[in-house]
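Undergrad: take a look and give me a structure for this.
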Amino acid sequence: MMESLHVAVAVLSLLSLGQTAPTTNCESLTKRIQIPGRDQLLGRWNLIAESTDVVSAKQLLEMSRITLWANYVAATEENIMIGSMHLKMAGLCFSMTFNSTLENNTFTLTYPYSTTSFQLKTGCPDCMVLYYNATFGRSSYRGVQLLSRRPKVSAAELQEFKKQVECLNLPEAAFLDPNQGFCPDPSLSKDSTSFDVTSFMGAGDMKMIDEIFRSGAAVETFSEMFSQIFSTFGETVEN
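TA: Okay, here's the model as predicted:
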């Protein structure tokens, strides 16, 4: 059971300014922006939506009913940020820590899997749109995430992100439901309980996840895992 839980959390984690008018032009929406420094990136970001070319990712994200937020703090090194991810699933909270390097306007992660990403232009005043390329196992994938300081964004801001997804020729995005609630901030709540899965996110997990996706049976396999998890904690998976 715990092995299935670790794998489920692992796959869900990888699927982990000033007011302006929404932009609709593809050339502008896919424009890579300059990042003057890491300070504006520090703090909490809530995952609002994500699109990726990982097969069945949208169905899996929505089926799992997760919410996710990340927090970044400055490391001693000038170009390093220490990130923590907080994922809620089946009423349980899971956390993971990682280092992110910012150099030449590009974010680089090497753990739990290799990822490079950069920011795209957005009209949302407190959002960050990240376009990424990720490699785990033998496969490489690309995608884009919408993150915000707020748990919800406006309809116009969602529409702008949908247009960005179209412009990037990516599949329809999955939108996370903030009504499911978020894991509490462990720095503010001493009573919060979270399972730290950092040490479980190894190369073997990434290889197994890659093989599941490559098999074409990702929905069936992870659906069974989610069903076991939700059943164990008194919940059911909505199909």
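Undergrad: what about the helices in the protein?
TA: In the chain, the segments counted as helices under DSSP state H are 2-14, 26-29, 57-64, 155-167, 203-215, 218-232.
Undergrad: off-centre distance for the shortest one?
TA: Read it as helix 26-29. Centroid separation for helix 26-29 versus its chain: 23 Å, with C-alpha atoms, centre = their mean, to the nearest Å.
Undergrad: and that helix, what does it pack against?
TA: If you count contacts as 3 or more C-beta pairs under 8 Å, 6 or more residues apart in numbering; DSSP states H and E, helix 26-29 packs onto helix 155-167. For the C-beta atoms, the positions are set from N, CA and C on the backbone; glycine is no exception.
Undergrad: list the buried residues in the helix it packs on.
TA: The neighbour-count check on helix 155-167 (16 or more other C-beta atoms under 10 Å) flags 157-158, 160-165, 167 as buried.
Undergrad: and if you look at stretch 103-123?
TA: Neighbour-count burial for stretch 103-123 [16+ other C-beta under 10 Å]: 107, 109, 112-113, 115, 117-123.
Undergrad: got it, and stretch 175-194?
TA: For stretch 175-194, using 16+ other C-beta under 10 Å, the buried residues are 175-176, 178, 182-184, 186, 194.
Undergrad: any idea which of those residues is closest to G37?
TA: Set against G37, the nearest of the buried residues of stretch 175-194 by C-beta to C-beta is P186 (26.5 Å).
Undergrad: ok, residues contacting the lengthiest strand in the chain?
TA: Using DSSP state E, we find that the single longest strand of the chain is strand 92-103. By C-beta atoms under 8 Å, 6 or more residues apart in numbering, the residues outside strand 92-103 that reach it are 9, 13, 16, 35, 38, 41, 72, 75, 79-88, 107-112, 183-184, 186, 192-198, 201, 233.
Undergrad: from the middle of its chain, how far away would it be?
TA: Per C-alpha atoms, centre = their mean, the centroid offset for strand 92-103 relative to its chain is 10 Å.
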